[in-house]
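>>> I need the structure of the sequence given here:
(3 chains)
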Amino acid sequence: MRALRGSALLAAAALATAAAPVTAQDTKQEIQKYQRMTAESSPVELWELQGADLWKRKSGPKSASLERCDLGMGPGVVKGAYARLPRYFRDTGRVQDLESRLVTCMTTLQGLTEQEATKRVFGNADNPSDMEYLAAYVAGQSRGVKMQVSTKLPQEQATYDLGKKLFFYRAGSWDFSCASCHGTEGKRIRMQDLPVLSEPEGARGTYTTWPGYRVSVAQLKTMQWRINDCFRQQRFPEPAYGSEATVALTMFMAVNANGATYRGPGTKR
Amino acid sequence: MPGPMKIRATMHDGYTDIRVLMNHPMETGQRKVDGKPVPAHFIQNLTVKVNGKTVVEGQISQAVSRNPVFSFRVKGGSKGDKVQIGWTDNKGESNQTEAAVA
Amino acid sequence: MNEGRRVVLRRAGATGALAAALAAGLLKPERVLAATWNTAAFAAKTPADALKSIGAADALDSKDVLIDLPQIAENGAVVPIEITSNVPGTTSIAVVIEKNPFPLAGQFSFMEGALPYVKLNVKVGQSSVIRVIAEAGGKHYAASKEVKVTIGGCGG
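From the prediction side, this is the model:
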């Protein structure tokens, strides 16, 4: 009998110490705590380190590294480059995001064909893709830098305008647009508040968490992946990697995020 | 493979904070792919040493998350102290790395 | 498991030379593993059995054992927990996730100036109480916190 009483006491004590969240505000606070604590003990830096190695590694038919890659601030300048992407590039004559620019450098510097460079852009938990490592590395080099994506050039403004149009464009079998989920305050899917990405507040808070390590799948996910997966969820056709549409949407969100300090690759559920 | 282990060791007021990032599948043995269970593959032991002295020994199970990250603290310490961390898993594989306290 | 045997099992891998050789890959780990990984405790299927096999069936709740964790986990694959024991003379901290199929998640022994502190990420299969046990002077002190596990977003 003594043993039972003891364990009942313990159980009562355990329940007393575990106060479950009751209000929506409590829930939001605990989720924010989850996000903060997982970010504080995230393995994402390992992806940045591996990406740094890949950046310097000679490969491809030209047996060259990516160290002369021009991400918009001159050949080989990586620090701060991500916070200024997407942007117009004269050599390709188009506005490019990080990932399409990496493809450009792989083809021009390393001699890969576009097909070879984009053969396996999305990896898995056991075998991440080179693109994921490189994206983590380059993005990490903008840690602490304010988002400052320019629309000064007419091509950049046009890309932003296209991105905005696409954001609100309803299509697909379910007649969704990005705005269906991300265009109005107060929307939620399960327990996740959906950020309004067409406005600075939402864009600043969310765009800057990409690329990000997804704990649920133990993978580093990039912005191209995110848009690809959003298209899938909206029942849109699959976009081509680095396509004009995906770059335009990225441009729209990145410009909306201007002013926010980029804190390096994020960690997310 | 993501980069090898990474230690970040820093001085704080009265203690050294040691954080280690590891890459490991920490496979539970319960997960199935195409109907077949993926064999258990997880870190079982880890050892933390400072200047050659063992300060922490951990025995862990497959319940620790994939790509584990641990934080430990050691009383006192100084910049330049050598931190070494090693692990071994249920398959007999191991890894280790070291870093100086910043 | 009796006290004497547990001490021997812990000591077996605890000597500096052995640990160093192991870490340096100079030893065949299987033989040392058998001595330093508490198979019985990690195979326990109930929290009570897990506690018993680490000699902590007598654990009493203590305000000096502190757990910090989010009460809601957006995904159970990673639940961060930060544990501190303010019980003087704490030599080890164990983590038990009560509803997991195998509740014992880990046990950490502290020596040579290590503080009784650990932060780690654990898998929590379903909403569960997480119980933390600190050992000091042969006695056991415990604390518990509950975490609600959710599956977030679009499920992707």
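>>> going by C-alpha atoms from here, please, whenever you check contacts or count neighbours.
Will do.
>>> quick one: residue B:81 and residue B:100 touch, right?
Yes - here residue B:81 reaches residue B:100: they are 5.4 Å apart, a contact under C-alpha atoms under 8 Å.
>>> how near is residue C:122 to residue C:83?
13 Å (C-alpha to C-alpha, to the nearest Å).
>>> residues of chain B that sit close to chain A?
Along chain B, the residues adjacent to chain A under the rule C-alpha under 8 Å from any C-alpha of the partner chain are B:1-6, B:21-23, B:25, B:66-70.
>>> rerun that using 10 Å as the cut-off
In this structure, chain B approaches chain A at residues B:1-6, B:19-25, B:65-71, judged by C-alpha under 10 Å from any C-alpha of the partner chain.
>>> ok, now which ones touch the closest residue to residue B:64 other than its chain neighbours?
Setting aside the residues directly before and after it, residue B:64 is nearest to residue C:122 in space (C-alpha to C-alpha, 6 or more residues apart in numbering or on different chains), at 4.3 Å. Contacts for residue C:122 (C-alpha atoms under 10 Å, 6 or more residues apart in numbering or on different chains) come out as B:61-66, B:68-69, C:76-81, C:95, C:97, C:105-106.
>>> could you redo the last one with a cut-off of 7 Å?
B:63, B:64, B:65, C:78, C:79, C:80 (C-alpha atoms under 7 Å, 6 or more residues apart in numbering or on different chains).
>>> equivalent analysis for residue B:69, please.
For residue B:69, the set of contacting residues under the criterion of C-alpha under 7 Å, 6+ apart consists of A:41, A:42, A:43, B:20, B:21, B:22, C:120, C:121.
>>> mind running it again at 6 Å?
Remark: with contacts taken as C-alpha atoms under 6 Å, 6 or more residues apart in numbering or on different chains, residue B:69 is in contact with A:41, B:20, B:21.
>>> could you check how far the spatially closest residue to residue C:53 that is not a sequence neighbour is from chain A?
Closest residue to residue C:53 in three dimensions, ignoring its sequence neighbours and counting by C-alpha to C-alpha, 6+ apart: residue C:41, at 5.0 Å. According to C-alpha to the nearest C-alpha, to the nearest Å, residue C:41 stands 20 Å off from chain A.
>>> residue C:41: neighbour count?
Residue C:41 has 22 neighbours, counted by other C-alpha atoms under 10 Å in any protein chain shown.
>>> Three-state assignment for it, please.
For residue C:41, the secondary structure call by DSSP: H, G, I helix; E, B strand; the rest coil comes out as helix.
>>> just to revisit the earlier point, list just the nearest of the contacts of residue B:69 to chain C.
Distances from chain C to the contacts of residue B:69, taken as C-alpha to the nearest C-alpha, are shortest for residue A:41 (7.6 Å).
>>> residues near the closest one, how many?
21.
>>> which intervals of chain C have sub-threshold pLDDT?
With pLDDT under 70 as the threshold, chain C has low-confidence stretches at C:1-35, C:153-156.
>>> again, but for chain A
For chain A (pLDDT under 70), the answer is A:1-22.
>>> and it, which residues reach chain B?
For chain A, the residues in contact with chain B (C-alpha under 6 Å from any C-alpha of the partner chain) are A:41, A:43, A:46, A:47, A:49, A:50.
>>> quick one, phi psi at residue A:139?
Comment: the main-chain dihedrals of residue A:139 come out as phi -60, psi -40, following degrees, to the nearest 10.
>>> from what I can see it touches residue A:82, true?
Yes - using C-alpha atoms under 6 Å, residue A:139 is in contact with residue A:82, at 5.4 Å.
>>> tell me which parts of chain C are close to chain B?
When proximity is defined as C-alpha under 6 Å from any C-alpha, chain C approaches chain B at C:23, C:29-30, C:78, C:105-115, C:117-123.
>>> can you do 7 Å?
Remark: the part of chain C in contact with chain B comprises C:16, C:23, C:25, C:29-30, C:37, C:42, C:77-78, C:105-115, C:117-123, using C-alpha under 7 Å from any C-alpha of the partner chain.
>>> quick one, which of these are buried?
C:23, C:25, C:29, C:37, C:42, C:77-78, C:105-111, C:113-115, C:117-123 (16 or more other C-alpha atoms under 10 Å in any protein chain shown).
>>> so which of the contacts of residue C:122 belong to helices?
When helices are assigned by DSSP state H, not one member of the contacts of residue C:122 lies inside them.
>>> and of those, the nearest to residue A:249?
residue C:78 (30.6 Å; C-alpha to C-alpha).
>>> list the contacts of stretch B:36-47.
Outside stretch B:36-47, the residues within contact range by C-alpha under 7 Å, 6+ apart are B:25-32, B:54, B:56-62, B:85-91, C:37.
>>> buried ones among the residues you listed?
Burial of the contacts of stretch B:36-47 was assessed by neighbour count (16+ other C-alpha under 10 Å); the buried members are B:25-28, B:54, B:56-62, B:85-90, C:37.
>>> in helices, which of those appear?
Counting by DSSP H, none of the members of these fall within helices.
>>> that's a helix at residue C:45, yeah?
No - counting by three-state DSSP, residue C:45 is located in no helix; its state is coil.
>>> residue A:85 contacts residue A:99, correct?
No - under the criterion of C-alpha atoms under 7 Å, residue A:85 makes no contact with residue A:99, lying 10.0 Å away.
>>> chain neighbours aside, what residue packs nearest to residue A:236?
Counting by C-alpha to C-alpha, 6+ apart, residue A:172 is the residue found nearest to residue A:236 once chain neighbours are left out, at 5.0 Å.
>>> show the contacting residues for the one you found.
Residue A:172 makes contact with A:234, A:235, A:236, according to C-alpha under 7 Å, 6+ apart.
>>> now for the first one, how many residues are close by?
As a burial measure, the neighbour count of residue A:234 was computed by other C-alpha under 10 Å and equals 19.
>>> same check, this time on the second one
Using other C-alpha under 10 Å, residue A:235 has 15 other residues around it.
>>> who are the contact partners of residue A:164?
When the contact criterion is C-alpha under 7 Å, 6+ apart, the partners of residue A:164 are A:249, A:252.
>>> ramachandran coordinates for it?
The phi and psi torsions at residue A:164 (degrees, to the nearest 10) take the values phi -70, psi -40.
>>> where does residue B:39 sit: helix, strand or coil?
Classification of residue B:39 using three-state DSSP returns coil.
>>> if I look at it, how far off is chain C?
Noted for residue B:39: a distance of 16 Å to chain C, by C-alpha to the nearest C-alpha.
>>> which stretches in the stretch 151-269 of chain A count as strands?
The residue ranges that make up the strands of the stretch 151-269 of chain A, judged by DSSP state E, counting those that start in this stretch, are A:188-189, A:192-193, A:212-214, A:219-221, A:266-268.
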